[in-house]
Each structure stands twice: as structure tokens, then as C-alpha cells.
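Student: Okay, sequence plus prediction incoming.
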Amino acid sequence: MEDTAVLSSFDKYTTFSFGGKTLTFRTCDGLERYVKVLTWDNGYLEVLAKYRQSDSEIEEYIDLEPILERLYMDKTAFLKPIKNVRIDYA
């Protein structure tokens, strides 16, 4: 699983981990959890998420490139080895 990143959330934050690095960023207050990764496209995620305000799951989109840019990280070096993303709640 050297090419698989991990998506998760806690409180008001989302985490995206890969290669010993974890990005943590603010998300919506109502997010309960991510349910399923629908698409991974080199930094762009389409996921199903469960929110407190809704009984059904909602499609959510996460673009990691602006986050990596704000952190002054080399987005190509970080994203290129990632082939899959899985959701994990410990």
C-alpha cells in the first residue's frame, strides 16, 4: 500500500496522510465522516460524506493543490506517487 493515501476526519478537521506527512485542514462543522472515495485525480477527490444535517450521503469535492501551495509544498512530488485513496477511521 505504498501508493495509497488515507483520508479521515475528526471534529471540524479533515486529514489526508501519505508518505509520513499529514495535511490537516478545516472542514464544515456538520461533517460526521467520509463514507466512500468516488474519484482520485492527482490531487482532486470526489467523495461521499455524511453530514448531521442530512439523512443521505452527499457528494463532496476536495482539491488538495491549493492547500499544498499554501504550505509551500512541492505538489507534484507529493501527489504523483499516490495512486489510490482510502478512508480510515481508527
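Tutor: Good, I have the coordinates. Residues are numbered from 1 along each chain as shown.

Student: Could you use CA atoms for every contact and neighbour count after this?
Tutor: Will do.

Student: For residue 67, which three-state class applies?
Tutor: Per DSSP: H, G, I helix; E, B strand; the rest coil, the local secondary structure of residue 67 is helix.

Student: residues near it, how many?
Tutor: Residue 67 has 16 neighbours, counted by other Cα atoms under 10 Å.

Student: what's the answer for residue 7, then?
Tutor: Neighbours of residue 7 (other Cα under 10 Å): 22.

Student: Look up the residues forming beta bridges with it.
Tutor: When bridges are called by DSSP bridges, residue 7 pairs up with residue 16, residue 87.

Student: correct me, but it touches residue 62?
Tutor: No. Contact criterion Cα atoms under 8 Å: residue 7 and residue 62 do not qualify, at 10.6 Å.

Student: How many residues are close by the residue nearest to residue 11 when sequence neighbours are not counted?
Tutor: Excluding its sequence neighbours, the residue lying closest to residue 11 (Cα to Cα, 6 or more residues apart in numbering) is residue 29, at 7.5 Å. Neighbourhood size, residue 29 [other Cα under 10 Å]: 11.

Student: Could you say which helix or strand holds residue 29?
Tutor: Using DSSP states H and E, residue 29 sits in no helix or strand.

Student: can you check residue 48 too?
Tutor: strand 44-51.

Student: mean confidence for that strand?
Tutor: Strand 44-51 shows a mean pLDDT of 96.

Student: Strands of this protein, residue ranges please.
Tutor: Assigned by DSSP state E, the strands in the chain fall at 4-10, 13-18, 21-26, 31-41, 44-51, 58-63, 84-87.

Student: quick check: mean pLDDT across the last one?
Tutor: Along strand 84-87, the predicted local confidence has a mean pLDDT of 97.

Student: Output that strand as CSV - backbone C-alpha positions only.
Tutor: Taking C-alpha atoms only, strand 84-87 is exported to CSV below (Å, rounded to 0.1, in the frame of the first residue of the first chain):
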residue,chain,number,x,y,z
ASN,A,84,-5.3,5.3,-4.5
VAL,A,85,-7.0,6.9,-1.5
ARG,A,86,-8.8,5.0,1.2
ILE,A,87,-10.9,6.2,4.1
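
Student: So what touches that strand?
Tutor: For strand 84-87, contacts defined as Cα atoms under 8 Å, 6 or more residues apart in numbering pick out 3-8, 34-37, 40.
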